[in-house]
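In: okay, predicted coordinates and the sequence, questions at the end:
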Amino acid sequence: MIGRAAVWLLRRVAAPELADEIEGDLREQQESIRRTRGATRAGLWFAGAVLVAACALAWSRTPFASSGSFLTPPLPPRRRGLPMSLTDLKLAIRLVAKQPVLSGTAVAALAVAMCLAVTGFSVMNAVLFAELPLPDGENYVVLQVTDPETLREVDVPLETFEAWQNRSTTLAALGGVHWAQGNLELEDSTPVVLRIAHLTPEGMRMTQTEPLIGRIFEAADGVPDAAPVAILREDLWRQHLGADASAVGKAIRISGREYTLIGVMPEAYTFPESQNLWLPFGAAAGHSDDGVEAYALLHPDTPRAAAEAELRTLLESTTPAGERPLRLRVLPFARGMSGEGFELFMTVALVLLLTILAVAAANVANLVLVRTTARTSELAVRAALGASRSSLVLQVFGEVLVLGATAAAIAVAVSVRIVAWLDALIASEAPMWITLRVEPAVIAFAAFLAVFASAIASVAPALRSTSGSLDVALRHGSAAVVSPRFGRASSVLVLAQVALSVALLSAAAVLARGLVGYQWADLGIDESGILTASLYLPPQPDAEEPVMIGNSLANELSAAPQFSQAGLTMELPKSDAARRKFEIDRGDRDQAVDGRAAYVGVNFLQSLGVAPGAGRLFQPADHAEESSPVVVINESFAAHYFGGADPVGQRLRIAADPEDEPDSWREIVGVVRDLAMSPGVPEEGAGLYIPVQRTNFFHATARFNGPVGEAAAALRRVVAEHDIRILVRDIQTLDKVGWEARTLLRSVGLGLAALGAMAMALSAAGIYAILAFSVQQRTREIGVRVALGARHGQVLRSIMGSTSIRLAIGAAIGVGLAFLLARATVVLPIDLPALSLLDVSVMAGTMIMAGALAAWVPARRAGRVSPAEALRND
Amino acid sequence: MPKEDNAPKPTLGELELLVVLAILRCGDDAYGVTITQAIRERTGRRLARAAVYVTLRRLQERGLVTSRTGAPLPERGGKARRYYTVEPAGLDLAHATQSAFQNMWDGLSLAPSGRPEGRS
């Protein structure tokens, strides 16, 4: 699209034969770049080269760029060349500088909206549209297979995979991957968590990347009874194996199993995503019955649609009779690996951001309308000197483009910083094709946004200002041509921006209240003295039964000298525990209640140093399989549902779905203080703890002595000794828990607040501008009214009256929008407080006051009009 | 000597001379891409494309160079190449320019520092 736009521009400034010659030469060079560096880079190069050539031709002022070329007959002026001369540009800049407040408001509003759109597009471009940094990277695809009934993604059956491998003519190579995690066991230090990919040998060979030392997988590595082998990434080899070349050929241990290290890949190689260790996919790894995720390298110039058609035919040929065949899509690699959910989210987000930009631009149009209306006489003079309506509209467009271009430049500058921060945030775990930066495509997108926003902001007001008889304007001034009162379009725009500001600021207030909850949830214990870690035991392919983490780990941690007490839990404090429904045994009836539930392992509450307010805490026997079911409730639950009565000894159970077996009745054995089971919404924190025996995912909580570094190392060591297959992550003290939620709330909240403030500023500026102009145009009328006896207060009320009504209507619409927007916050992965009437009242009131103040200033000026002076100066 | 032999001969500008020489080097395959490449390879200068095309047009206007279009090619988006040939007048002017520069160089010998060692 950018290339086509550039060619359009070239044809505007060069004679047709010259444009053909230049375009043809550049396309020829584009083709040779495409063969070596890929289609995307070639396309961008072409667009850039054509643009440069067009600009150079235009500004060189040669006869070959405008009329008078010997290749074409002379053309009348304004049919060739750029629509804006240097003089027009200087006038536009001067006009912008003359009205710094209005111009500054417009630029700020557009810059905020453009910055969000540019940042969103940068992320989307990097995640979904980047090519793999490998030879033929643009030809890699993911072969996505979904179940026709559930529409969920599934693995490709091995029979189908083999059919594609043996019979496809559109695929240059086919690869399969199976994801896993594990621990690299080290002699002198704690295990290192590995991101593992089991790859088919061809799937690794197709990447055409040579190892630093050793070899990559061969076909023999995946057959039954093959010796287990592994390939490590360079950074791990340097850091943990001393960059020893002789390590190749020696044994390494991964999650309790021994492998022979056969090669080391360069550090930049993390194929397919962010892997640091590779194992062969095949029978030797226990993958005999598994399906596989498939990816492929297409032959050059093979359309994806052709490959999809062929592979679908082969898929159907391997589908058992009577079964519906799986659905197949062939997707570009980045898109396929990122997942449909992310693509949909980014598309929706980008559309939303572009809509916000369009709204901001439409509001800027309000300001432009006032300004162009005031210049109707000047536009009339230009028309009298021969300017067509289209050239006048283009002139106004060019003036607004100065604002738009300034806003785009600011947006890109800020976006570069934001994108760099995001890149640093994800660098260590980002997939290999993702490097967040502001690419030339994004700069081009920003340029497109500048033109898009400027067009919205200028064309309608310019058409409106030049719609009347400019001849009349020349004789009687602008007041005779365009009504200065609130036009319908202006009213709608002011209403829209008032409503938008109330809605966005109300949503920001909800996030701010949630942030307060997460930031200052007080557990009443020394959180900095408690170490936490997440423990995960991945499924083991060769295990007959699922393997779990048992409660004995807590006892082993407690026995370590670095810890005085340790426990296990599935939910940490200050994270949202699951919402559940319960039934309380009231004797003659069961009372249905709502609350939170957290499953805990042994000694969790003891490790936090929590004492029971009534009854007792869990004992080890409560976690045994045959023990009587018990629960411990928190003080909020006790107060809410038991009032002043002692809840210890009472019974409750988890409410079951009608088709499920009812839960056993559980005895309440103790009451503890609230431990932030719902930090974002503290009033929903009533809940209880249920003992669990074993699970494959726990958090460890351990009260430690001494330096936190030593405690962390001790925790890793004890866990490794308990079961080397357990992955240990996110070691942090309890006071740091919840930083992801706080970061999310802070960033989304700030974004909403910025947008809301932008909308509020635009509303106020728009109201001020329109009323100021209105007062100026009605000076004579006001003077006559005052001369006839109208008091200044009456004049003030007549000017403010219509504004106040519009503010009230806009605020009311904004309140409705705010409640709709509050519902949309459910997409966030954390619980937030509900939008309250107080939130919307404060925001609506603030907006009304801001708008009233903006209207009062010009209205007060109107109230002071001296009749004699008004009539004399007419 | 006849008067016309003593009349000052026009010369080509620097860029014009480079373009004419590039066309002569490229022979039958002289079109925009090859001309620009030849100048870059021989002089190390990366000229703006627009400058080359503008110069070619100017040379055509002065009758020093002619052009013809080739067949449309798919790798050029269906556009044809425009091949250039130096006319005798252009060749004469190139020689005249070369002579003019040669006359200026005769007798001069520049030391590595760039200062002339001797004067003729």
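Out: Now that the structure is in, tell me what you want to look at.

In: helices of the stretch 601-750 of chain A, start to end?
Out: Remark: helices assigned in the stretch 601-750 of chain A by DSSP state H, counting those that start in this stretch are A:604-607, A:635-642, A:708-722, A:739-777.

In: just put those in a markdown table and tack on mean neighbour count, distance to chain B and mean pLDDT.
Out: All C-beta spots, glycine's among them, are computed from the backbone N, C-alpha and C. Putting the helices of the stretch 601-750 of chain A into a markdown table (neighbours: other CB atoms under 10 Å in any protein chain shown; distance: least, CB to the nearest CB, whole Å; pLDDT from 0 to 100) gives the following:
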| stretch | mean neighbour count | distance to chain B | mean pLDDT |
| --- | --- | --- | --- |
| helix A:604-607 | 25 | 69 | 94 |
| helix A:635-642 | 19 | 71 | 93 |
| helix A:708-722 | 18 | 55 | 92 |
| helix A:739-777 | 21 | 41 | 75 |
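
In: export the ones you listed to a markdown table and tack on distance to A:Gln732?
Out: As requested, those are exported to a markdown table (distance: least, CB to CB, whole Å):
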| stretch | distance to A:Gln732 |
| --- | --- |
| helix A:604-607 | 15 |
| helix A:635-642 | 26 |
| helix A:708-722 | 9 |
| helix A:739-777 | 8 |
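
In: residues of chain B that sit close to chain A?
Out: By CB under 8 Å from any CB of the partner chain, the part of chain B that sits against chain A consists of B:31-33, B:48-51, B:53-54, B:57, B:61, B:73, B:75-77, B:79-82.

In: low-confidence ranges, chain B, go.
Out: B:1-9, B:110-120 (pLDDT under 70).

In: just the C-alpha atoms of stretch A:820-839, please, in PDB.
Out: Below are the C-alpha coordinates for stretch A:820-839, written out as PDB (Å, rounded to 0.1, in the frame of the first residue of the first chain):
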ATOM      1  CA  LEU A 820     -20.400   0.000  29.800                       C
ATOM      2  CA  LEU A 821     -16.600   0.500  29.900                       C
ATOM      3  CA  ALA A 822     -16.500  -0.800  33.500                       C
ATOM      4  CA  ARG A 823     -18.000  -4.100  32.300                       C
ATOM      5  CA  ALA A 824     -15.200  -4.300  29.700                       C
ATOM      6  CA  THR A 825     -12.600  -4.400  32.400                       C
ATOM      7  CA  VAL A 826     -13.400  -8.100  33.000                       C
ATOM      8  CA  VAL A 827     -10.900  -8.800  30.200                       C
ATOM      9  CA  LEU A 828      -8.200  -7.900  32.700                       C
ATOM     10  CA  PRO A 829      -6.700 -10.800  34.500                       C
ATOM     11  CA  ILE A 830      -7.300  -9.300  38.000                       C
ATOM     12  CA  ASP A 831     -10.400  -8.500  40.000                       C
ATOM     13  CA  LEU A 832     -11.400  -4.800  40.200                       C
ATOM     14  CA  PRO A 833     -13.900  -2.900  42.300                       C
ATOM     15  CA  ALA A 834     -17.200  -2.100  40.700                       C
ATOM     16  CA  LEU A 835     -17.800   1.400  39.300                       C
ATOM     17  CA  SER A 836     -19.600   3.400  41.900                       C
ATOM     18  CA  LEU A 837     -22.000   6.300  41.600                       C
ATOM     19  CA  LEU A 838     -19.500   8.400  43.400                       C
ATOM     20  CA  ASP A 839     -16.800   7.700  40.800                       C
END
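
In: that stretch: which residues count as buried?
Out: A:821-822, A:825, A:830-833, A:835, A:839 (16 or more other CB atoms under 10 Å in any protein chain shown).

In: cool, and stretch B:50-63?
Out: B:50-60.

In: just the C-alpha atoms of that stretch, please, in CSV.
Out: Output in CSV follows, covering the C-alpha atoms of stretch B:50-63 (Å, rounded to 0.1, in the frame of the first residue of the first chain):
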residue,chain,number,x,y,z
ALA,B,50,16.7,11.6,-9.6
ALA,B,51,19.9,13.4,-10.5
VAL,B,52,20.9,10.7,-13.0
TYR,B,53,17.5,10.7,-14.7
VAL,B,54,17.3,14.5,-14.8
THR,B,55,20.8,14.5,-16.4
LEU,B,56,19.8,11.9,-19.0
ARG,B,57,16.8,14.0,-19.9
ARG,B,58,19.0,17.1,-20.2
LEU,B,59,21.5,15.3,-22.4
GLN,B,60,18.6,14.1,-24.6
GLU,B,61,17.3,17.7,-24.9
ARG,B,62,20.8,18.8,-26.1
GLY,B,63,20.9,16.0,-28.7
